[in-house]
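**Student:** Show me how the following folds:
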Amino acid sequence: MAVKVIDASAVAAMIFQEAGADDVDNRIAASALAAPALLRFELTNVCRTKLRQFPDLRETLLDQFSFGLESPIETHDIDHQEALALAETFNLTAYDASYLWLARELDTELVTLDRRLARAATRLAQA
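**Tutor:** Numbering: from 1, shown residues only. Below is the predicted model:
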């Protein structure tokens with residue numbers, strides 16, 4: 001089974017049934033998923049933001065979040081020095097660079113809905 005790295009934007013789209021979820025679902029079909037250990041922290045932050053924006057959907061959002069935390073995504077530690085270098089090279093946040101680093105480390109596709117991160121992944125693959 002192929003392994004793909006998935007970032008918080010892609011996981012959040014699926015968990016919270018956002019635009020792009022179908023595309024993500026198609027891209028990860030029949031794949032094992034991997035992400036940096038920070039993934040669940042980022043998802044927690046996404047849920048917190050949604051709770052503030054949509055207080056009337058609190059129970060639904062919490063249910064979706066709980067379900068999402070149970071996703072079978074293998075988390076990995078990253079090399080922070082190398083992630084920092086990637087962040088500087090591609091003008092990314094350290095968070096986004098950690099997904100890029102892991103995809104490079106595992107020599108696999110990075111599944112993201114973040115356009116800037118997707119461009120960086122393409123540039124890195126072509127280098």
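
**Student:** Leaving out chain neighbours, which residue sits closest to Arg27?
**Tutor:** For Arg27, ignoring the flanking residues on the chain, the nearest one in space by Cβ to Cβ, 6 or more residues apart in numbering is Val111 at 5.1 Å. C-beta here means a position set from N, CA and C on the backbone, and glycine is covered the same way.

**Student:** pretty sure that neighbour contacts Ala8?
**Tutor:** No: with contact defined as Cβ atoms under 8 Å, Val111 does not count as touching Ala8 (11.0 Å).

**Student:** Retrieve the pLDDT associated with Gln126.
**Tutor:** Per-residue confidence (pLDDT) for Gln126: 88.

**Student:** I'd like the distance between it and Gln81.
**Tutor:** Using Cβ to Cβ, to the nearest Å, one obtains 23 Å as the distance from Gln126 to Gln81.

**Student:** Cys47 now?
**Tutor:** Distance of Cys47 to Gln81, given as Cβ to Cβ: 30 Å.

**Student:** what's the answer for Ala32, then?
**Tutor:** When Cβ to Cβ is the yardstick, Ala32 and Gln81 sit 27 Å from each other.

**Student:** Pick out whichever of these two has more residues nearby.
**Tutor:** Each of Ala32 and Gln81 had its neighbours counted (other Cβ atoms under 10 Å), and the higher figure belongs to Ala32 (13 against 8).
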